[in-house]
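have a look; sequence and predicted model below, questions after that.
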Amino acid sequence: MAKKATAVAKKATAAAKKAAPAAVKKTAAAAKKTAGAGKSAAVKKAPPPKKQLVAPKKATAAVRAAPVKTVVKPVEGESRTALVRRARRINRELAEVFPYAHPELDFENPFQLVVATVLSAQTTDLRVNQTTPALFARYPTPEDLAAANPEEVEEILRPTGFFRAKTKSVIGLSKALTEDFGGEVPGRLEDLVKLPGVGRKTAFVVLGNAFGRPGITVDTHFQRLVRRWRWTAETDPDKIEAAVGALFPKSDWTDLSHHVIWHGRRICHARKPACGACPIAPLCPAYGEGETDPEKARKLLKYEKGGLPGQRLKPPQAYLDAGGRPAPPLGAG
């Protein structure tokens with residue numbers, strides 16, 4: 001009986017020894033398979049991130065670096081808060097580019113400014129500035145112009161275009177100033193818009209620059225740029241004025257008008273914007289609509305940005321100190 005038990009024990013021990021290597025081998029194989037799977041998962045490459053289209057990080061009117069030739073649409077789904085921040089940043093950037101921005105009509109008093117602004121319709125400020133010295137030398141006051149011979153005034157104003165209609169307007173507003181306001185230009189919007197040839201745009205030019213009262217001047221440049229920047233989709237000047245005015249403190253309105261108009265005249269042109277020389281390219285949804293090559297864009301710059309004379313015969317000293325040059329008088333060159 002004892003011999004039989006000993007034989008069974010030896011047989012069990014042998015079986016255990018035989019099974020152990022197999023189990024170890026199986027466990028090792030399983031571990032190897034698991035490790036291989038982990039390694040494979042670790043090696044598997046993640047899909048490359050989508051390339052985002054962006055405008056150049058920072059471009060200046062001096063064109064410091066070549067911008068990337070891509071279009072950015074930063075306003076997709078833009079919140080009201082984001083729009084306000086972007087709009088105000090654009091204004092701050094333009095203030096750095098045009099710290100000397102000013103009304104580009106020559107004037108010495110409110111009367112000269114209101115007349116010059118009426119004459120600037122459908123022509124350039126440069127042409128007006130070349131024409132008004134003769135007009136104001138002959139008719140220096142509202143009383144003088146109110147009593148003028150229309151044919152003589154027409155002859156002086158002929159270079160500005162639409163000279164008959166403009167003659168009627170400036171003589172008419174001079175009569176209104178003489179008869180209704182004691183020969184003085186009123187400093188209220190509601191009074192200014194009653195004058196012949198004076199609308200809200202002209203009134204705000206006069207209020208902002210002759211009386212220091214904030215106003216937004218919605219001319220063709222202003223309308224074009226605020227729509228390009230997607231500040232508003234409105235097309236009516238009064239609605240544009242209201243929409244843009246809501247984005248800024250009232251105290252910024254007059255300088256904002258100068259910054260936008262100067263940028264429109266010098267860089268962001270109607271037909272071919274100089275995108276490659278634009279200081280606010282990273283903030284502009286319309287980047288890429290114009291010339292993006294820096295060297296080609298540089299050639300599109302106008303007035304002092306292009307090394308050319310400005311529009312005023314007698315510009316402010318700050319403009320001259322910044323390298324601006326006065327415009328030539330009528331008939332010069």
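That came in fine, so what should we check first?

helices along the protein, start to end?
Listed in chain order, the helices of the chain (DSSP state H) span 2-43, 80-97, 110-119, 125-138, 142-146, 150-157, 163-180, 189-192, 200-210, 220-228, 237-245, 253-266, 294-298, 317-321.

now do the buried residues in the last one.
It stands for helix 317-321. Y319, L320 (16 or more other Cβ atoms under 10 Å). Where C-beta positions appear, they are placed from N, C-alpha and C, glycine not excepted.

outside of it, which residues touch it?
Helix 317-321 is contacted by residues P99, Y100, H102, E304, G310, R312, P326 when judged by Cβ atoms under 8 Å, 6 or more residues apart in numbering.

which among those residues end up buried?
Y100, H102, E304, G310, R312, P326.

in contact with the closest residue to the third one other than its chain neighbours, which residues?
By the measure of Cβ to Cβ, 6 or more residues apart in numbering, the closest residue to E304 outside its immediate chain neighbours is G324, 4.3 Å from it. When the contact criterion is Cβ under 8 Å, 6+ apart, the partners of G324 are Y100, Y303, E304, G310, P315.

surely the first one meets G310?
No - at 9.8 Å, Y100 and G310 do not qualify as touching, with contact defined as Cβ atoms under 8 Å.

still on that earlier bit, widest-spaced pair of the contacts of G324?
Maximum pairwise distance among those (Cβ to Cβ): 11.5 Å, between Y100 and Y303.

buried set for stretch 174-182?
Residues S174, K175, A176, L177, T178 are the ones in stretch 174-182 that count as buried (16+ other Cβ under 10 Å).

model confidence over that stretch, on average?
Average pLDDT, stretch 174-182: 97.

please apply the same query to stretch 243-255.
97.

just the C-alphas of it, formatted as PDB.
Written as PDB, here are the backbone C-alpha positions of stretch 243-255 (Å, rounded to 0.1, in the frame of the first residue of the first chain):
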ATOM      1  CA  ALA A 243     -24.000 100.800 -36.200                       C
ATOM      2  CA  VAL A 244     -20.300 101.900 -36.000                       C
ATOM      3  CA  GLY A 245     -21.000 104.600 -33.400                       C
ATOM      4  CA  ALA A 246     -22.300 101.900 -31.100                       C
ATOM      5  CA  LEU A 247     -18.900 100.100 -31.200                       C
ATOM      6  CA  PHE A 248     -16.900 103.000 -29.800                       C
ATOM      7  CA  PRO A 249     -17.100 105.600 -27.100                       C
ATOM      8  CA  LYS A 250     -18.500 108.900 -28.300                       C
ATOM      9  CA  SER A 251     -15.200 110.600 -27.600                       C
ATOM     10  CA  ASP A 252     -13.400 108.400 -30.200                       C
ATOM     11  CA  TRP A 253     -15.800 109.200 -33.100                       C
ATOM     12  CA  THR A 254     -14.000 112.200 -34.700                       C
ATOM     13  CA  ASP A 255     -10.500 110.600 -34.600                       C
END
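
contacting residues for A233?
R227.

hmm, back to that, roughly how far does the residue nearest to E304 sit from L308?
Distance of G324 to L308, computed by Cβ to Cβ, to the nearest Å: 10 Å.

find residues that contact each of the two.
Overlap of the contact sets of G324 and L308 (by Cβ under 8 Å, 6+ apart) is empty.

what's the pLDDT at the nearest residue to G197 once chain neighbours are set aside?
Distance criterion Cβ to Cβ, 6+ apart; nearest residue to G197, sequence neighbours excluded, is S169 at 2.9 Å. pLDDT recorded at S169 is 97.

so where's the stretch 1-150 of the chain uncertain?
Applying pLDDT under 70 to the stretch 1-150 of the chain flags the ranges 1-75.

now for G307, how many residues are close by?
11 (other Cβ atoms under 10 Å).

ugh, wrong one, P133
Applying other Cβ under 10 Å, we find 15 residues neighbouring P133.

ok, the contacts of helix 317-321 vs C284, which is closest?
For the contacts of helix 317-321, the minimum distance to C284 (Cβ to Cβ) is 20.5 Å, reached by P99.

tell me the contacts of the closest one?
Per Cβ under 8 Å, 6+ apart, neighbours of P99: A318, A322.

and the one 10 residues further on, by the same measure?
Taking Cβ under 8 Å, 6+ apart as the contact definition, N109 lies against A210.
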